[in-house]
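Model the structure of this input:
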Amino acid sequence: MRKPVNMGGRIERGQPLSRVWRYLTRGTNLGDKGKVSIVGAGPGSVDYLTLGAIKSLQSADAILFDDLVTGEILELGNPKAQFFSVGKRGWKASCRQQDITSLIIDLAKAGKHVVRLKVGDPMIFGRTGEEIEKLEQAGVEVDVVSGITAASAMASEIKMSLTHRKHAHGVKFVTAYGSKGAMPDKNWEAYADGKTTLMIYMGGRMARKLGKTLIMSGMDPATPVIIGEAIAREGQMFHRETLTSLCTLEIITDNPVLIAVGDVFRCSSVLHGTVSKQYAIDAAA
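The predicted structure follows:
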């Protein structure tokens, strides 16, 4: 039976984080020195969680977690810790980054061991650099526990090396979601080399534009594309496409999406059409 997760301190989206400050620091020795651990939770399944992440979760006083962190991972946290949902999702109501950072700093200065739990690897498109900068400016001790990023998990799930030496000479992690909510204005010609595998994060809503942009930048329209949805999560699906078909594809889902592009996927003996694998993972809600 799934043990209950302590959600007594959960922050609802849109609620000012300052409202929980007095409650969370109740009974704390303000002379204690706290610290912050920025921890990667992996893509979803607890199978992708590292031992370092588990150690941090079990020693935490407060855990601030992303929207996509699963319930089975939260269950590994210290049962005496307070859990706060501070999820940030594109095109959805989210906690403000400055409020999250301020609360982390306040908790650490109150002597708490704060775990900022981020899905995937916090150092890959996780805004961790901004948080580390603010924490160091505030004089707060911080460490980072790496997680397994979705690109690595996808390669494992489809049994396909992203750098197969016969088909690829490199791999690039790219985001399709810029700071202003639109596809970044970048030199896409530098990414249009089929021999360099592209792993494109947050690209679901930009699929058509991505396909057209890469073709216009010189990439072969027949270049294979693998779309991973809900990687290592309940409802995981992989779809095989080409750049040409990507140009006409509309991806409508609330699940996280990763788009993989490159000649390396021509040699895949696993993916023909759609491949799915079910994960029995409880949602964090």
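
Wait, Y48 touches G42, no?
Yes: at 3.4 Å, Y48 counts as touching G42 under the criterion of C-beta atoms under 8 Å. For every residue, glycine as well, the C-beta is placed using N, CA and C.

Spit out the residues that contact the two alike.
Common neighbours of Y48 and G42 (criterion: C-beta atoms under 8 Å, 6 or more residues apart in numbering): G147, I148, A153, A232.

Which one of those is nearest to Y201?
Proximity of the shared contacts of Y48 and G42 to Y201 (C-beta to C-beta) peaks at A153, which lies at 12.4 Å.

what's the following helix or strand after the strand or helix carrying that closest one?
Assigned by DSSP states H and E, A153 belongs to helix 150-157. Downstream of helix 150-157, the next assigned helix or strand under DSSP H and E is strand 170-175.

More neighbours: which of Y48 and G42?
Higher neighbour count among Y48 and G42: G42, with 28 against 22, using other C-beta atoms under 10 Å.

Now do the more buried one against K80, distance only.
Separation of G42 from K80 (C-beta to C-beta, to the nearest Å) stands at 24 Å.

Same check on R240?
Distance from R240 to K80, by C-beta to C-beta: 47 Å.

show me where the protein has helices.
Counting by DSSP state H, the chain has helices at residues 21-24, 51-58, 71-74, 97-109, 128-137, 150-157, 207-216, 243-246.

Compare those helices and give me the one nearest N187.
For the helices of the chain, the distance to N187 is smallest for helix 207-216, at 11.0 Å, taking C-beta to C-beta.

so what secondary structure elements neighbour that closest one?
Applying 3 or more C-beta pairs under 8 Å, 6 or more residues apart in numbering; DSSP states H and E, one finds that helix 207-216 contacts helix 243-246, strand 257-261.

Just the buried positions in the shortest one, please.
By neighbour count on 16 or more other C-beta atoms under 10 Å, the buried set for helix 243-246 is L243, T244, L246.

Extract the CA atoms of it and return them as PDB.
Only the C-alpha atoms of helix 243-246 are listed here, as PDB (Å, rounded to 0.1, in the frame of the first residue of the first chain):
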ATOM      1  CA  LEU A 243      11.400  15.900 -40.600                       C
ATOM      2  CA  THR A 244       8.800  16.000 -43.400                       C
ATOM      3  CA  SER A 245       6.100  14.500 -41.400                       C
ATOM      4  CA  LEU A 246       7.100  16.600 -38.400                       C
END
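
Tell me how far it lies from the chain's centre.
Helix 243-246 has its C-alpha centroid displaced from the chain centroid by 25 Å (C-alpha atoms, centre = their mean, to the nearest Å).

Ok, the last one next?
Relative to the centre of its chain, strand 257-261 is centred 14 Å away, using C-alpha atoms, centre = their mean.

for that strand, what is the average pLDDT?
The average pLDDT within strand 257-261 is 96.

strands paired with that strand, and their directions?
According to DSSP bridges, strand 257-261 forms sheet pairs with strand 196-201 (antiparallel), strand 224-229 (antiparallel).

circling back to that earlier point, tell me which of R240 and K80 has more neighbours.
R240 (18 against 8).

Please report the distance of the more buried one from N255.
In this view, R240 and N255 are 18 Å apart by C-beta to C-beta.

swap in L117?
19 Å.

From the neighbour counts alone, determine which of those two ranks first.
Between L117 and N255, counted using other C-beta under 10 Å, L117 has the larger neighbour count: 29 against 17.

Nice, that's everything, thank you.
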